[in-house]
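Trainee: please work out how this folds:
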Amino acid sequence: MHRAMDIVRPAEQQHESTRRLTEPRVVRILMVDDDPQAGALIEMALADARFEREVEVVSTATAGLERIKADEHDIFLIDQQLPDGTGLQLIRDAKASGASKPLILLTGYGS
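Mentor: Model (predicted):
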């Protein structure tokens, strides 16, 4: 029969095993941006990230909302200025349609 102390792992070991369980292996990112370099810029920004990623880029708010509704991504990066609307309105529309994953608004403008 084991005593409780015999089967309890040291805190450091417990933390390591918990971290391994919670770190995602692949993060699926949807980027809504009409800049042709958007995907490459995100890849560069995440070059040192400790996770693999799949980046999909669509160039309009309409396509973005369709992909967000499909619920196949873990996080959404949305540019503010899109050819057919604004990123802020896209986020509002996505939330209204039930999106619950992180929606991050990006802009290349200081204001």
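
Trainee: nearest residue to the middle of this protein?
Mentor: Ile75 (2.4 Å; C-alpha atoms, centre = their mean).

Trainee: tell me how far the closest residue to that one other than its chain neighbours lies from His73.
Mentor: Leaving aside its sequence neighbours, Ile75 sits nearest to Pro102 (C-beta to C-beta, 6 or more residues apart in numbering; 4.8 Å). Where you see a C-beta, it was placed from the backbone N, CA and C, and this is true even at glycine. The gap separating Pro102 from His73 is 10 Å, by C-beta to C-beta, to the nearest Å.

Trainee: give me the more crowded residue out of those two.
Mentor: Neighbours per residue (other C-beta atoms under 10 Å) separate Pro102 from His73, with His73 holding more: 19 against 10.

Trainee: which residues touch the more buried one?
Mentor: Neighbouring residues of His73 by C-beta atoms under 8 Å, 6 or more residues apart in numbering: 28-30, 56, 67, 101.

Trainee: now do Asp79
Mentor: 31-35, 38, 87, 106-108.

Trainee: if we can go back for a sec, buried ones only from the contacts of His73, please, as a ChimeraX command.
Mentor: Buried members of these can be picked out in ChimeraX with the line below, counting by 16 or more other C-beta atoms under 10 Å:
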select :28,29,30,67
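
Trainee: quick check: the two most widely separated of the contacts of His73?
Mentor: Greatest spacing in the contacts of His73, by C-beta to C-beta: Glu56 and Lys101 (13.9 Å).

Trainee: where does the chain dip in pLDDT?
Mentor: Residues of the chain that meet the criterion pLDDT under 70 lie in 1-24, 110-111.

Trainee: rerun at 90
Mentor: Along the chain, segments meeting pLDDT under 90 span 1-25, 107-111.

Trainee: what ranges do the helices span in it?
Mentor: Remark: helices assigned in the chain by DSSP state H are 4-7, 11-22, 38-45, 61-70, 87-96.
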